[in-house]
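Q: Below are the sequence and a predicted model for it; my questions follow.
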Amino acid sequence: MEKQLTPNPSNATNANVVRHHAAVEAQVERFVSGPAPMLQEVEPISLSELRRAVFRLPKPNSPGSDEITNTALMQLPIGCLAALTRLFNGILQTGHFLKA
């Protein structure tokens, strides 16, 4: 705890602090704006796994920001669930998540 609350050393000039802050900000920006790292050895999900997950969702709920309720997800036809399975597996393979 003592080390965490120790003031900055006196040799930490304002210019050094500004330079360090700029370097950290640049590194964070490169990380955030760069491509997502590839996910290694992730098993694809199956249609039956997705169906089980959907039917385990709590039934009485308010829709999220997408306005889709769990009840609506449970009523999707098998073709829609198959398409969602392909979408999720594509995301797992590429590591690319769609922006809202």
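A: That came through fine.
Q: Could you give the number of residues near Q75?
A: Q75 has 10 neighbours, counted by other CB atoms under 10 Å. Placement of C-beta: from N, CA and C, glycine included.
Q: Just after the lengthiest helix in the chain, pick out the following helix or strand.
A: Taking DSSP state H as the criterion, the chain has its longest helix at helix 14-33. Using DSSP states H and E, the helix or strand that directly follows helix 14-33 along the chain is helix 47-55.
Q: Show me what that next one is packed up against.
A: In terms of contacts (3 or more CB pairs under 8 Å, 6 or more residues apart in numbering; DSSP states H and E), helix 47-55 is packed against helix 70-74, helix 78-94.
Q: could I get the ones you listed as CSV with mean neighbour count, distance to P58 and mean pLDDT?
A: Below are the helices and strands packed on helix 47-55 laid out as CSV (neighbours: other CB atoms under 10 Å; distance: least, CB to CB, whole Å; pLDDT from 0 to 100):
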stretch, mean neighbour count, distance to P58, mean pLDDT
helix 70-74, 14, 6, 91
helix 78-94, 13, 18, 92
